[in-house]
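**Student:** Everything below, folded, please.
(2 chains)
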Amino acid sequence: MRPPPLGACWALALAALLVPAVASAGPQSGPPAVVVAGDACPANGAFGGMPIHAVDVQTPLAFLPWIRADLNQAKALAEPLRGTPYSASQVTAVWNQIAALPFANLDVEARVGGRVLPVMVSCTPQGLDLVFFVYAIKASLSVGLTWESRQRETAAPERQSGQEALRPGMRLQPRLGYRAGEGAGAGLAAFYNRSGAGADADIPYWRSVAIDAYASDRLRDMALALEGGRDVADGLWAHTAWRLGYADQSVPAKSVSRLGQSNLEAQALAQTHPLGDSALALRLGAALDAGQHRSRGQGDPGAGLVADQRYQSLKLMAGTTARLARQSLAATYAVEFGAGSGGARLDWVKQIVDIAHEGRWRVADHRSLSLETRLTLGHLREAGLAPHGARFFAGGREQPFIGGEEWQIRAAPLLRSLGTNALAGSPASPGYRRFAALSLTAALPVFNQPLVPAEAYRDVQVRAALNGQLDSAVGGLAADNRTTMPTYLQAIAQLPKVQQTLAALDGAVAAVAPPADSAGSANRDAFTACKGQLAQAQDEITQVLQESSLTQLGLFTELLPGEDTANTLGQVVALCVEGFNAGPRNPRITQQGAMLRADIKELVRLFAAADPKLAEQNARREIEPVRHIVNTLMDEINAITISPLLMLDAVNLGPRLSGPRTRLAVGTGLRVTLVDSVDFSLGYMTNLRRQAGEARGAFFVTMQFKDPF
Amino acid sequence: MTTREHIITNIKVDLVVNTKDDLRRIVFGLEKVSDDNGLPTWTIHFKLFRRDDKAVAYGDARVSLDVVVDKELHGKAAATATNGLTATQAAFLAGPASNAALASQQPGGPPANATIQRTLIKK
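**Tutor:** Next up is the predicted model:
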């Protein structure tokens, strides 16, 4: 066996240094948690005058630099309470000041936003401990619900919780890595976020610029992109995005020595709201790509292969994605129509089917066994002159079908036991024309420290309040949804006719008005009550017609008979037709009364047909994924996680040249996530069906740092 | 790991919903504040923003109210904080309760507290 390369050595050494540091930051180093006897705390919360021993302000995303500044300010506001006798008015004043800080603010631009701010008081022998807890919910209802977003969640929960989008400006993310075939490398990703939220959040112009560069002594990879997008609450489409990117890369590849590509890509993506009971969102995308494929291999135009080629291609993608409580899924079909030779004819057609799934099974508090599965199939049809780079090469480096993070489609087989592009066909015919690849990665945390303090995530009242917020959102959206149902709109469209009926009834009543000098008589009182009710009904209908959405729904509901409604129209019948016209005395009032009854009956029928249960079901479907995100942040995300990994890759390539049809790799590794600073993975995969000239296996190390600023 | 027993003296829950037509924004809040003797006061906070053109930013809230919940409705307020608003409650708050609040702000207008608190007893 060859000695491990230098890059792997420093990565292991770094991990060895890192793990004790992480462990020392764990819960063991903090003050031991105490359970105070129930009678030590006044059961009714009468804390007035008791000494305050400690104060703290906590929030799940305290590690974010831009939250930390607010948090420090909040702690400074709370600190003067320490050592003073408990005064509810002083505590409440501080609480209100903390609630006014930006990190605790409600995001009013979100389709649904919420916040929960409890003050938790516990008793210790030294006095009271006060904790001001801040949980502001801002969850995207579209991009936050994809398989891709779930992948980012463990290492970067701020992106899922929406907090990152609130911070405009520059972010830098350095990274280090080692992979067989590439050697040790370093890179930097820089993002400039123009404004993710606020008044111009809906403007579909550019929103961010991203630059990503990574290089080792055998590889360089650079990408520059301008991105934009918007979320839409109404209609079928929930999210649309565009990206204009330039990329240039040169990577090692057996059989051809190197593969390179430089290209300009313009892409547009669209995603629907979650559809159906399983809350699957559909995605469609298209990308126009133009550039150059380069290779150091030998071209063979007679066999339809060229080393270098300028090209244009059209990529089309369709798929679905879902994020359920403990599962996330993405399935994609993608096709590329490529043309070299000046674009005069179609030279190749590449088809990809990519299915990704992640499941998590809880084994202990904040510890879940996660299993990531990826099945990818690829087929290339060469109709004319195809460049080497269009073919499939297998190895330890992932190759995306399109640029960007929003929709991640694997475009080549992953075999982590070999170096980058190490399975590369033969020099005479580099690459492959079809493949099937399966990758499994299982991880189980053996050490963790929850992101959210146990006092908050285990507190029944805090959890109930969070759930109550989400249920309120369901209620609000259900009311809003109901107002878009066809039969509801028909009911609203009936209201001008009801106003005509009321006007006709008013005329009939006026025609038999009691003499003005009969004031105080029962008949005159009934007449006055009827006329007042008629005017009120006309006025309320006018208001309904001027309003929209749930404001309109609330006013409309009050017109009709129902549980605890004003029943304004029913009262017109009661006061004018059954009251003033008792007898009956006037056939015209009787006739108009019958018409009004018929109108009410029709309104009730149409309103009932706008099924509130269906409206709620749709609202729940919209909110449930957000509930999953909130629950994941509370119950699963850790500030520190150390997880051993088990990995398996199986790759089948065609046409078969020699050796086994299916290549297999198994291995193990370690993933360390410090949510505030670094996401680190290392592993070794064994090459189970080793062929002549191949290594026994391959190390890989990746280390992604958080923005230090 | 054990956690300390504690009591939540104050809690603030706020919710914002922007309607599908993007012409209405509703902000609803429930707040519990306990005094030195542990006695709670529940307050409903409500703001309604309205605009006719979604290209124009919302101005000041059309309705903005803070209503102290009567003691006999504290149980309902706590239940609403825990269970959330129903669709009927949300629509009532945005419609009749807002209208009552607007009317109360007129000179000599009738008090709106009773109407607004009816939100809590709606199902």
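**Student:** From here on, just use CA atoms for contacts and neighbour counts.
**Tutor:** Noted.
**Student:** how distant is the longest strand anywhere in chain B from the center of its chain?
**Tutor:** In chain B, assigned by DSSP state E, the strand with the most residues is strand B:6-18. How far strand B:6-18 lies from its chain's middle: 11 Å, per Cα atoms, centre = their mean, to the nearest Å.
**Student:** quick one: that strand near chain A?
**Tutor:** Yes. Strand B:6-18 reaches chain A (Cα under 8 Å from any Cα of the partner chain) through B:6-18.
**Student:** now stretch B:66-76
**Tutor:** No. Against chain A, stretch B:66-76 shows no contacts by Cα under 8 Å from any Cα, the least distance being 13.1 Å.
**Student:** tell me which residues of that stretch are tucked away?
**Tutor:** Within stretch B:66-76, the residues scored as buried using 16 or more other Cα atoms under 10 Å in any protein chain shown are B:66-69, B:74, B:76.
**Student:** From the chain's centroid, how far away is that stretch?
**Tutor:** Using Cα atoms, centre = their mean, the offset of stretch B:66-76 from its chain centre is 11 Å.
**Student:** Between the two ends of that stretch, what distance do you get?
**Tutor:** 17 Å (Cα to Cα, to the nearest Å).
**Student:** So what touches that stretch?
**Tutor:** Stretch B:66-76 is contacted by residues B:41-46, B:77, B:113, B:116-117, B:120-121 when judged by Cα atoms under 8 Å, 6 or more residues apart in numbering or on different chains.
**Student:** which of those lies closest to chain A?
**Tutor:** Here the nearest of those to chain A, counting by Cα to the nearest Cα, is B:Ile121; it sits at 9.0 Å.
**Student:** Now do the same contact list for that closest one.
**Tutor:** B:Lys76.
**Student:** how near is it to A:Val573?
**Tutor:** Taken as Cα to Cα, the span from B:Ile121 to A:Val573 is 26 Å.
**Student:** Next: A:His357.
**Tutor:** Taking Cα to Cα as the measure, A:His357 falls 60 Å from A:Val573.
**Student:** Which one of these two is surrounded by more residues?
**Tutor:** Using other Cα atoms under 10 Å in any protein chain shown as the criterion, A:His357 and A:Val573 rank with A:Val573 on top: 24 against 19.
**Student:** tell me the secondary structure for the more buried one?
**Tutor:** helix (DSSP: H, G, I helix; E, B strand; the rest coil).
**Student:** If I look at it, what pLDDT would I see?
**Tutor:** You'll see A:Val573 listed with a pLDDT of 93.
**Student:** How about A:Asp107?
**Tutor:** At A:Asp107, pLDDT is 72.
**Student:** Chain neighbours aside, what residue packs nearest to it?
**Tutor:** A:Gly113 (5.8 Å; Cα to Cα, 6 or more residues apart in numbering or on different chains).
**Student:** Then A:Leu275?
**Tutor:** Using Cα to Cα, 6+ apart, the closest residue to A:Leu275 is A:Ala281 (5.8 Å).
**Student:** B:Asp35 touches A:Tyr86, doesn't it?
**Tutor:** No. B:Asp35 sits out of contact with A:Tyr86 when judged by Cα atoms under 8 Å, with a separation of 10.2 Å.
**Student:** who's more crowded, the two?
**Tutor:** A:Tyr86 (22 against 19).
**Student:** what residues are up against the more buried one?
**Tutor:** Per Cα under 8 Å, 6+ apart, neighbours of A:Tyr86: A:47-52, B:36.
**Student:** Looking at A:Gly593 now. What's its pLDDT?
**Tutor:** Model confidence at A:Gly593, given as pLDDT, is 92.
**Student:** Would you mark the buried spots in the strand or helix carrying it?
**Tutor:** Assigned by DSSP states H and E, A:Gly593 belongs to helix A:587-609. Along helix A:587-609, these residues count as buried under the neighbour rule (16+ other Cα under 10 Å): A:588-590, A:592-593, A:595-597, A:599-600, A:603-604, A:606-607.
**Student:** before we move on, the earlier item: the longest strand of chain B pairs with which strands, and in what direction?
**Tutor:** strand A:112-124 (antiparallel), strand B:24-34 (antiparallel) (DSSP bridges).
**Student:** CSV for those, including mean pLDDT?
**Tutor:** Listed next are the strands paired with strand B:6-18 as CSV, based on pLDDT from 0 to 100:
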stretch, mean pLDDT
strand A:112-124, 86
strand B:24-34, 88
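**Student:** deepest of those, which one?
**Tutor:** Comparing those by mean neighbour count (mean count of other Cα atoms under 10 Å in any protein chain shown), strand A:112-124 ranks first with a mean of 25.
**Student:** ok so, going back, what comes into contact with the helix holding A:Gly593?
**Tutor:** Counting by Cα under 8 Å, 6+ apart, A:487-488, A:490-491, A:494, A:498, A:501-502, A:504-505, A:508-509, A:560, A:569-570, A:573, A:577, A:581, A:584 sit against helix A:587-609.
**Student:** Likewise for stretch A:552-572?
**Tutor:** Stretch A:552-572 is contacted from outside by A:479, A:483, A:530, A:533-534, A:536-537, A:540-541, A:543-545, A:600, A:603-604, B:88, B:90-96, B:122, using Cα under 8 Å, 6+ apart.
**Student:** now these: which count as buried?
**Tutor:** A:479, A:483, A:530, A:533-534, A:537, A:540-541, A:543-544, A:600, A:603-604, B:88, B:90-96, B:122.
**Student:** Show me which residues of the stretch 551-700 of chain A sit near chain B.
**Tutor:** Within the stretch 551-700 of chain A, the residues that sit near chain B (Cα under 8 Å from any Cα) are A:551-555, A:558, A:564, A:616.
**Student:** Tell me the first helix or strand C-terminal of the helix or strand of chain B with the lowest mean pLDDT.
**Tutor:** Ranking every helix and strand in chain B by mean pLDDT, DSSP states H and E puts strand B:63-68 at the bottom, with a mean of 83. The helix or strand immediately downstream of strand B:63-68 is helix B:74-83, counting by DSSP H and E.
**Student:** Distance from the chain centre to that next one, please.
**Tutor:** 12 Å.
**Student:** Low-confidence regions, chain A specifically.
**Tutor:** Residues of chain A that meet the criterion pLDDT under 70 lie in A:1-40, A:138-144, A:158-168, A:195-204, A:341-343, A:519-520, A:707-709.
**Student:** Break it into its domains for me.
**Tutor:** A:6-23+A:50-138, A:175-451+A:638-705, A:486-610 (automatic domain parsing).
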